[in-house]
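Q: need a 3D model of the sequence below.
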Amino acid sequence: MPNQLLLRERVARTVAEVMAVAADVRRLPEWAAGFASGIQRDESVADGSAWIVDAPFGRVRAVFAVDVERGILDHDVTMPDGSTVHNRLRVEPAPNGCELVFTLVRQPGMDDAALAADAAAVADDLRRLRALCERMDA
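A: The predicted structure is shown next:
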C-alpha cells in the first residue's frame, strides 16, 4: 500500500451546505464515529479551535483549522502517546454538488493492515457525512 491515500465521497449538496454541517465541530459524533464518540471544547484555547475528543483509540486533543469559504477542515490530533497527526479534509466543488477529499497518511510504524483499517473507518465517516448532508433540506 502507498504511504498516502486520497479518500473521496461525492455529495449532492453545495460546498456551503456541507461546510455548514462539517465545520460545526460539535456535530462530529453525528458523522465521524471513526474519530469522535464525544467532544468538548478545550477551554484553555480562547479562539475555540481546540477540542478534547473521545476517540476509539483514546482521549485526544484536536486543533481545527477551518476555512469555510475555501472548504478546509484540517485538524491536528495529539494522540495519547503525545505524537501529533495532521489530517487534511477538503470540501471541493464538483458537478451537481461537491466532493469530500480526505488525505490519509501512513503513520510511522503503521503496517498495511492498520492503514487499510484506518482507510475503512475514514471512508465510513465520509459516507455518514454525505448521508447527513443529503438528508437536510436544501
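
Q: give the rounded mean pLDDT of the longest helix along the chain.
A: Counting residues, the longest helix found in the chain (DSSP state H) is helix 112-135. In this model, helix 112-135 has a mean pLDDT of 95.

Q: which helix or strand contains the residue nearest the centre of the chain?
A: The centroid of the chain falls nearest to Leu89 when counting by Cα atoms, centre = their mean (5.9 Å). If you go by DSSP states H and E, Leu89 is part of strand 84-94.

Q: counting contacts, what elements does that strand pack onto?
A: helix 15-22, strand 72-78, strand 97-105 (3 or more Cβ pairs under 8 Å, 6 or more residues apart in numbering; DSSP states H and E). (Each C-beta comes from the backbone N, C-alpha and C, glycine too.)

Q: let me have these in TSV, extended by mean neighbour count, distance to Leu132 and mean pLDDT.
A: Below are these laid out as TSV (neighbours: other Cβ atoms under 10 Å; distance: least, Cβ to Cβ, whole Å; pLDDT from 0 to 100):
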stretch	mean neighbour count	distance to Leu132	mean pLDDT
helix 15-22	20	6	96
strand 72-78	18	14	96
strand 97-105	19	12	97
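
Q: end to end, how far does stretch 72-88 reach?
A: Stretch 72-88 stretches 8 Å from its first residue to its last (Cα to Cα, to the nearest Å).

Q: run through who's touching it.
A: Residues from elsewhere that reach stretch 72-88 (Cβ atoms under 8 Å, 6 or more residues apart in numbering): 19, 22-23, 53, 55, 57-66, 89-91, 102-103, 105, 107.

Q: repeat that for stretch 104-112.
A: The set of residues external to stretch 104-112 that reach it, using Cβ under 8 Å, 6+ apart, is 1-7, 83, 85-86, 115, 118-119, 122.
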